[in-house]
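# how does the following fold in three dimensions:
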Amino acid sequence: MESGHQAKLSPIRAFQVTHGGIIEHEADDSYLNCSLSDYHDYEPNLEFDDTELMCSTSFVPMSPDLLDLSREILPPSSSDGTIEENFEKELGNGPQSFVEIATSSSEYDIFADLHKREVVQVEGDDELGRKIIVISACRLPPSKDVHPDFLLRFLMHTLDKYVEQDYSVVYFHHGLSSVNKPPFSWLWKAYKAFDRKYKKNLKTLYLVHPTNVIRIVWQMLRPVISVKFGRKMMYVNYLHELQQYLDLDKIHIPSEVIQCDRMLLAKNPRAAEIAKEINSARQAALSQAEGPCSLVSTPAKQFGVSLQFIQQNNTKIVDSIPPIVRQCIEFLSELDAIETEGLFRRSPSAAIVKEIQRECNNGGDVSFRNDPHVAAAVLKTFLRGLEEPLLTFDLYDVVSKYEAWVIPRKARKVKILILEKLPLDNYKILKYIMQFLWKVQDRSCLNKMTSSNLAVVFGPNLLWPRDGNVSLQSIGPINAFTDFLITHQESIFII
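Sure, this is the predicted structure:
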């Protein structure tokens, strides 16, 4: 499955890992049992009580009281968040803190504990700037300590920050046992709770290290799972298969999951051999990219390098603005492009974006295929690919506390921060981008992208910490700070 394509336009794809790489072919409705390999037919020894599943192999309708969540525990779901239906309102609400969503001190403690356990993590972006949400079953607390519905509410609280833009979910199944697993009836509740608002922009759900129990559950839910959602789910039997789609170096994989992967590979020599070949090829590619001559031989390179390198080596740069940034914004400033509905929100083909990156890094002419969504994705990819964020690592801790700043002093503090703390080249590029984004939000009646909507998209691409992982509590302040920059760009950028 190519996550960069819209599900409704793409044919169903299936992949098979071989010694020569990944073979892609058309598939039929068997996607409901799709997997990245066909030689994983055993299950780790987990303490999973699956008696409630084995009693029947077909889906049995549940009583209404099992299908409805308690309103005291889970509030009614909101609009599905489509552009046609309340897109601006949904994004304009902004993320909430634990304090705002918790209904009691004990509930706040539960959410804080789940956050500390790192049950749900936001692990940076993929190649197209889409957020990767990682859920680790091995980090779930015992069910007797935390009611599963609180876990669901915590998960919804996390996803609410990202569902209005494309995102992917990686679920590490290893570690789910009889101690921490929720009941089967809860799975159906969760599927109901995650309405179209959450499913619409989910590009791929990677289910890592699936067991026979997971496959049985999937078959039981098959009659009520939508076809579109089914296409987004992909079994991943080994970590080296996931490496084909995501940069695992940017994902904090629990040690228990890594150990499980090694155990599975030890049982399958063929898979272990393929994993070794893939890892060797990857190491060779990294060595070549980091070699002493790599930067010298490609002076036109703009993706995956520092702003300093671009400034010093690119002959096409004008007034500190990298050529690819200027090309993207000039293209997107055209009337037909800037008024495109959902601009910066929809993802084009990943293959096209990669091709443009290669063209750009080789110094060739860049073509956006007359598609505003391609140019928008390229701009986001450039920003996220910088070795240091445009707002610099030094500003992360300061901006993370933005919402605690005293309101009367916010404007002055933001202005001083931008004027005095940013390097001059960073300042010029930020000014150029913010002035453009102000023009985009000025046409929000047509493109549906208000300043708050744009902030949700651009905030994580302008600022992140040195370790690359933005904490859940920092996302709100970063987006609010970005919103302020867009709204007040005229008074902030005076030089």
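# CA only for contacts and neighbour counts going forward, please
OK.
# can you give me the strands in the stretch 51-200 of the chain?
With strands called from DSSP state E, counting those that start in this stretch, the stretch 51-200 of the chain shows them at 120-125, 131-136, 167-172.
# correction: the previous question concerned the stretch 201-350 of the chain.
202-208, 233-236.
# return the helix or strand harbouring Ile418 as PDB; C-alpha atoms alone will do.
Following DSSP states H and E, one finds Ile418 within helix 407-421. Extracted C-alpha coordinates of helix 407-421, given in PDB (Å, rounded to 0.1, in the frame of the first residue of the first chain):
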ATOM      1  CA  ILE A 407      -1.400  38.000  27.600                       C
ATOM      2  CA  PRO A 408      -0.500  41.700  27.600                       C
ATOM      3  CA  ARG A 409       3.200  40.900  27.100                       C
ATOM      4  CA  LYS A 410       2.800  38.200  24.500                       C
ATOM      5  CA  ALA A 411       3.100  40.400  21.400                       C
ATOM      6  CA  ARG A 412       6.200  42.100  22.700                       C
ATOM      7  CA  LYS A 413       7.800  38.900  23.900                       C
ATOM      8  CA  VAL A 414       7.200  37.100  20.500                       C
ATOM      9  CA  LYS A 415       8.600  40.000  18.600                       C
ATOM     10  CA  ILE A 416      11.800  40.200  20.700                       C
ATOM     11  CA  LEU A 417      12.200  36.400  20.500                       C
ATOM     12  CA  ILE A 418      12.000  36.400  16.700                       C
ATOM     13  CA  LEU A 419      14.100  39.500  16.100                       C
ATOM     14  CA  GLU A 420      16.800  38.800  18.600                       C
ATOM     15  CA  LYS A 421      17.100  35.100  18.900                       C
END
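# and it, what does it pack onto?
With contacts defined as 3 or more CA pairs under 8 Å, 6 or more residues apart in numbering; DSSP states H and E, helix 407-421 has these neighbours: helix 489-492.
# from the middle of its chain, how far away would the helix it packs on be?
30 Å (CA atoms, centre = their mean, to the nearest Å).
# contact partners of the helix holding Ile418?
Defining contact as CA atoms under 8 Å, 6 or more residues apart in numbering, one finds that helix 407-421 is touched by 395, 427, 492-493.
# repeat that with 7 Å
Ile492 (CA atoms under 7 Å, 6 or more residues apart in numbering).
# tell me which residues of it come out buried.
410-411, 414-415, 418-419 (16 or more other CA atoms under 10 Å).
# likewise for stretch 443-460?
By 16+ other CA under 10 Å, the buried positions in stretch 443-460 come out as 443-444, 447-460.
# can I get that stretch in PDB? Just the C-alpha atoms.
Output of stretch 443-460 as PDB, limited to C-alpha atoms (Å, rounded to 0.1, in the frame of the first residue of the first chain):
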ATOM      1  CA  ARG A 443      -8.600  33.300   1.400                       C
ATOM      2  CA  SER A 444      -9.900  30.800   3.900                       C
ATOM      3  CA  CYS A 445     -13.400  31.300   2.700                       C
ATOM      4  CA  LEU A 446     -12.300  29.300  -0.400                       C
ATOM      5  CA  ASN A 447      -9.400  27.100   0.700                       C
ATOM      6  CA  LYS A 448     -10.800  26.400   4.200                       C
ATOM      7  CA  MET A 449      -7.400  27.000   5.700                       C
ATOM      8  CA  THR A 450      -7.600  29.600   8.600                       C
ATOM      9  CA  SER A 451      -4.600  30.700  10.500                       C
ATOM     10  CA  SER A 452      -5.300  28.100  13.200                       C
ATOM     11  CA  ASN A 453      -5.600  25.400  10.600                       C
ATOM     12  CA  LEU A 454      -2.300  26.400   9.000                       C
ATOM     13  CA  ALA A 455      -0.700  26.500  12.500                       C
ATOM     14  CA  VAL A 456      -1.700  22.800  13.100                       C
ATOM     15  CA  VAL A 457       0.000  21.900   9.800                       C
ATOM     16  CA  PHE A 458       3.100  24.100  10.100                       C
ATOM     17  CA  GLY A 459       3.800  24.200  13.800                       C
ATOM     18  CA  PRO A 460       5.500  20.800  14.000                       C
END
